[in-house]
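Asker: When you get a sec, could you give me coordinates for this:
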Amino acid sequence: MHSPLLSSVPASLLSRRALLRAALGAAALVPVVLPAAATPAHAADAYDALRLKWRDLLLGTGFAPAAEPFASKLASLGATARDLRSSMAPAGGSLWPDLPYADPEPDTDAESYTYSGNLNTSYNRLRTLAEAYSQPGTGLTGDTGLRADILAGLDHLHDQAYHAGQARYGNWYSWQIGIPQALLDIDVLLYDHLGSARIDEHCAAVDQFVPDSAVANYSGTSTGANRVDLCRVLALRGVIGKSAAKLALARDALSPVFPYVTSGDGLYADGSFIQHTYVPYAGSYGAVMLGGLSLLFALLKGSAWEVTDGGRQVVFDSVEKAYAPFLFNGLAMDAVSGRAISRGVQKTDTRGVRQDDHLRGHAIIACVALLAQSASTAEKARWDGMVKGWIARDYYSPLLASPALGVSALARLKAVDDGTTAASPEPSGHRLFPGMDRAVHRRAGWAASLSMASNRITYYENGNGENLRAWHSGSGMLSWWGDDFANGQYSDNFWPTVDPYRLPGTTASRKPLADGEGGTWGAARPDVRWVGGTTDGTYAAVGQYLKGLSSTLLAKKSWFFLDDAVVCLGAGIHGRDGTGVESVVENRNLGETGSHAFTVDGTVQPATLGWSATLAGARWAHLAGHAGYVFPGGGASLKALRQARTGAWSDINKGAVTDPVTRRYLTLWFDHGTDPTWAAYSYVLMPGASQAQTAARAADTGWLTVLANANEQQGVRVPTLGFTGINFWLGGTVGEVTVGAPACVLIRESGTTATICVSGPLRDGAVIDLTWNRPVSAVLSQDPTVQVLATGAALQLRITPGTLAATHKAVVRLA
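Answerer: I've put the predicted structure just below:
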């Protein structure tokens, strides 16, 4: 279990997100002419060359300061810097009155976290001032008075707090990553005005808090994104202090980050990224890691300390394996952003910018553009096309006007957008991530993500007072977006206003839960193994054995991802909490004023806020501008509610603003009643479908056959697609398929051939014997893990699945 010492800086303080925004100031390495007062000296040696390169990475190059979007960004930076400068008031224990850092009782409790975080924020405010001094077009470029104030602030903080001999208190992150990164960036920007004494003092301070031993072992707080951050500190310490040994250490200490892992923190061969041992985190910590590596690769390229470890190819491969699958029209899916989904508008953000899935996506996209400068020609061409496509499609939050990005990141993205590379479209297909219990499905016109939990992966992460009520987000939450609609579904104040007991796609008990229920840092995990699926790369069958958080709830949930729909089954729904249990078909954010028409079996329902109804025998429903919903088997009894919900980001994140926000919702759910016994449900989600398409699908009773929906097996067949998908919670027979052990099976028939895909979600390595009672004349191809036992009247296969829940395939010719 993680303690707060294994966390990032608290949300109420300067976070790694702000540091990433600073890091993302990197731009294409082409010359830019700065005003004379801010022009750096020429390089005298290899260390100076690296320092000037880092300066370019921080400030950006090749942009026109008077042109948009740069002119507005630079003017805003100048205004922020003027406000910070005017409020700076050095005193005992503080540099700004609102940021006291002198801890009267230094330890590692919440109060000490606040004090260390205030020191961190103080250094980063000075970094903002240094950037305003160094950038053109801020109104403060080369201002000697501002420079004197920055130097005085540096001396004040050094003498009072961050110096050799000082004992650290509060959050380790502030002392080892947040503060030294800001300090060393300032040293790069103001190097010619520091003097040797200051440089020596700053290097001694960094050596005190980030000694070589910080990267001696790949464990604890020195893994994944944290390790990359520490290497950045060591590398810049080597540059400023002209130490070849520090630079070599920084380079070499990156190597443990590169290899694929099979448990714990890091990148997995299937594209998963985990931080804090149990949390899918490509959208937050993974972004920090990618950003740090892209910067360090660019900095050291061509130098005596260039990163040449062949393992770095894993990082390049991760762009398309681990990051791009979770980027859609510029946003980064919440399923892999951990507690970052709760941050909204932070109290410390004077700009009042709401952090959301689009801004997280923008940061990752900027990292990809920078990493492309260190990649192969072929990789750069592909990534430039991807970046250009994301820029073109993000209509909800335009990338080139992103408040998440600095001037240099925008310069880099603008250069790609202005280039000759053709924009790449969103890809189509299915990706499973067994290493983190996630799935992503993409079809023409929409995309969806699925979040699950197991004994390997947490229901949700909370910590540092963040993400306090996302209890059920790992209980089968199914999120989706349209190609040109609903891209703000989860961006627009969704998390503080949605009913946390009714997240879309989930099955949950109405048992009241405490904020942070289950423990911090991913401690909340169900004692289940059967979570996973199988895919042929186009369609998929996915299942989750669900045990509720702090609940007696049990359920078997299955999803079959198809061309224009997701078939959703639930069975074995059982609970004894003394409260109701619900399976949520949809909980759609309609925005601040939305009154989208909701139609059931051809009858438009009232648009009045507060309307609710029990829909008996409903065969289909349609929410205008969003989706259609079909209920097979002669209809279903559901409940529906149209309401306005009010909340504040501070309800779910203690560092966020308290301002109330209200959003309207249309919610549709199966009410299984109090303490249900083996309840079930079935429905078909059709993203983007029209009312006519939805009604037609409901009328076409032959389109879908539910083969099984029970506690032992769940399966469907869609004849027009040649699709059969079955989740065997236990061995047995469903339709024409028999297996001897728990398995997930997908069969795709196409003409005279069929593809059989099988996985072992239990990950116990047990052999799976499969019989398909269909005539098969020959096996055309098979994975090495698939043994053919018989063909002819029936196909018999033996699969040795291993322990990674991977998909194992065979292609056969039908007789």
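Asker: Is V210 in contact with A235, as I believe?
Answerer: No: if you go by Cβ atoms under 8 Å, V210 and A235 don't touch, sitting 11.0 Å apart. Backbone N, C-alpha and C define where each C-beta goes, glycine included.
Asker: Counting neighbours, go ahead and name the busier of the two.
Answerer: Neighbour tally, V210 and A235, criterion other Cβ atoms under 10 Å: the higher count belongs to A235, 27 against 22.
Asker: Tell me if the more buried one really is in a helix.
Answerer: Yes: counting by DSSP: H, G, I helix; E, B strand; the rest coil, A235 is located in a helix.
Asker: just checking, it touches L296?
Answerer: Yes: shown here, A235 and L296 form a contact pair, counting by Cβ under 8 Å, at 6.1 Å.
Asker: Need the residues touching each of the two.
Answerer: A250 (Cβ atoms under 8 Å, 6 or more residues apart in numbering).
Asker: does A132 sit in a helix or strand, and which one?
Answerer: helix 110-134 (DSSP states H and E).
Asker: got the buried residues for that helix?
Answerer: Within helix 110-134, the residues that count as buried by 16 or more other Cβ atoms under 10 Å are 112-134.
Asker: With just CA atoms, put the helix or strand following it into CSV.
Answerer: Per DSSP H and E, helix 110-134 leads on to helix 144-160 as the next helix or strand towards the C-terminus. Provided in CSV are the C-alpha atoms of helix 144-160 (Å, rounded to 0.1, in the frame of the first residue of the first chain):
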residue,chain,number,x,y,z
THR,A,144,16.7,44.6,-15.7
GLY,A,145,14.5,45.4,-12.8
LEU,A,146,12.6,42.2,-13.1
ARG,A,147,15.9,40.3,-13.4
ALA,A,148,17.1,41.8,-10.2
ASP,A,149,13.9,40.8,-8.5
ILE,A,150,14.2,37.3,-9.7
LEU,A,151,17.8,37.0,-8.5
ALA,A,152,16.8,38.5,-5.1
GLY,A,153,14.0,35.9,-4.9
LEU,A,154,16.3,33.1,-5.7
ASP,A,155,18.7,34.2,-2.9
HIS,A,156,15.8,34.6,-0.5
LEU,A,157,14.5,31.1,-1.1
HIS,A,158,18.0,29.6,-1.0
ASP,A,159,19.0,31.3,2.2
GLN,A,160,15.8,30.4,4.0
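Asker: Show me what helix 144-160 is packed against.
Answerer: With contacts defined as 3 or more Cβ pairs under 8 Å, 6 or more residues apart in numbering; DSSP states H and E, helix 144-160 has these neighbours: helix 70-87, helix 110-134, helix 179-189, helix 196-209.
Asker: Please report the distance of the closest residue to F494 other than its chain neighbours from T667.
Answerer: Spatial nearest neighbour of F494, chain neighbours left out: N589 (5.1 Å); criterion: Cβ to Cβ, 6 or more residues apart in numbering. To T667, N589 is 10 Å away according to Cβ to Cβ, to the nearest Å.
Asker: ok, the residue nearest in space to the middle of the chain - contacts?
Answerer: Taking Cα atoms, centre = their mean, the centroid of the chain lies closest to G283, which sits 2.3 Å from it. G283 makes contact with 326, 332-334, 336-338, 340, 357, 360-361, 364, according to Cβ under 8 Å, 6+ apart.
Asker: Can you check the pLDDT for it?
Answerer: Per-residue pLDDT puts G283 at 97.
Asker: next one: R354
Answerer: At R354, pLDDT is 82.
Asker: Neighbours of the closest residue to it other than its chain neighbours, how many?
Answerer: Spatial nearest neighbour of R354, chain neighbours left out: V345 (4.9 Å); criterion: Cβ to Cβ, 6+ apart. Neighbour count of V345, defined by other Cβ under 10 Å: 24.
Asker: Just to check, A404 is in contact with H362?
Answerer: Yes: using Cβ under 8 Å, A404 makes contact with H362 at a distance of 4.8 Å.
Asker: the more surrounded of the two?
Answerer: Using other Cβ under 10 Å as the criterion, A404 and H362 rank with H362 on top: 32 against 22.
Asker: Could you list which of the contacts of G283 belong to strands?
Answerer: A332 (DSSP state E).
Asker: Report the contact partners of the nearest residue to S263 once chain neighbours are set aside.
Answerer: Closest residue to S263 apart from its sequence neighbours, by Cβ to Cβ, 6+ apart: R456 at 7.8 Å. Listed by Cβ under 8 Å, 6+ apart, the contact partners of R456 are 263, 278, 437, 525.
Asker: Next, R456: phi, psi?
Answerer: The phi and psi values for R456, taken as degrees, to the nearest 10, are phi -100, psi -30.
Asker: Just the pLDDT for it.
Answerer: Reported pLDDT for R456: 97.
Asker: try A235
Answerer: 98.
Asker: What is the burial count for A766?
Answerer: Residues near A766, counting by other Cβ under 10 Å: 15.
Asker: Relative to V767, how far out is the nearest residue to it once chain neighbours are set aside?
Answerer: Nearest residue to A766, sequence neighbours excluded (Cβ to Cβ, 6+ apart): A741, at 5.2 Å. Shown here: A741 relative to V767, a distance of 7 Å by Cβ to Cβ.
Asker: The two: which has the busier surroundings?
Answerer: Remark: of A741 and V767, A741 carries more neighbours, 17 against 12, as counted by other Cβ under 10 Å.
Asker: Give me the phi and psi for the more buried one.
Answerer: Taking degrees, to the nearest 10 as the convention, A741 sits at phi -150, psi 160.
Asker: Surely it and P761 touch.
Answerer: No: assessed by Cβ under 8 Å, A741 is found out of contact with P761, at 10.6 Å.
Asker: one step back: could you turn the buried ones of the contacts of R456 into a ChimeraX selection?
Answerer: Of the contacts of R456, the buried ones go into a single ChimeraX selection, burial set by 16+ other Cβ under 10 Å:
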select :278,437,525
